[in-house]
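Whatever this is, show me its structure:
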Amino acid sequence: MKTLSQFVVYFMIALIAIVLGVILGDYAPWYFAWLVGTVMLVLVAAAGGAWMDTQDEERAARARR
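Residues are numbered from 1 along each chain as shown. Just a heads-up that it's a prediction; the model follows:
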């Protein structure tokens, strides 16, 4: 039963991707670039936040010594 449910889920994902490709047509590269750019922006912001948090922790640890 697990295999059947996985097949159905993957089939639905593929179907949605195909339908989106047909609907978007010539605009698909622009939407893809927008999506990738948005994801990259979020990842860079998260990495910067983690880096800043690490620096703050190191600064606080040095201040305690």
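
how close does R65 get to M1?
Going from R65 to M1 by C-beta to C-beta, to the nearest Å gives 59 Å. (Each C-beta comes from the backbone N, C-alpha and C, glycine too.)

G25 too?
According to C-beta to C-beta, G25 and M1 sit 38 Å apart.

for this structure, what spans make up the strands?
Using DSSP state E, the chain contains no strands.

what are the ranges of the helices in it?
All helices of the chain, identified by DSSP state H, fall at 2-24, 28-64.

would you list those in CSV and tack on mean neighbour count?
CSV is the format used below for these (neighbours: other C-beta atoms under 10 Å):
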stretch, mean neighbour count
helix 2-24, 10
helix 28-64, 10
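
And these, which one averages the lowest pLDDT?
Between these, the lowest average pLDDT goes to helix 2-24, which shows a mean of 84.

center of the chain, which residue is that?
Ranked by distance to the mean C-alpha position of the chain (C-alpha atoms, centre = their mean), the top residue is V39 at 4.8 Å.

I'd like to know how far that residue sits from L20.
Taking C-beta to C-beta as the criterion, V39 is separated from L20 by 16 Å.

How about F32?
Taking C-beta to C-beta, one finds F32 at 10 Å from L20.

Ok, A14 next?
Separation of A14 from L20 (C-beta to C-beta): 11 Å.

can you check R59 too?
47 Å.

And for R64?
Distance from R64 to L20, counting by C-beta to C-beta: 53 Å.

give me every residue that touches M12.
Residues counted as contacts of M12 (C-beta atoms under 8 Å, 6 or more residues apart in numbering): none.

Check the gap between it and R62 for me.
Where R62 is concerned, M12 sits at a distance of 53 Å (C-beta to C-beta).

Over to L4?
Separation of L4 from R62 (C-beta to C-beta) stands at 57 Å.

for L20, same thing?
51 Å.
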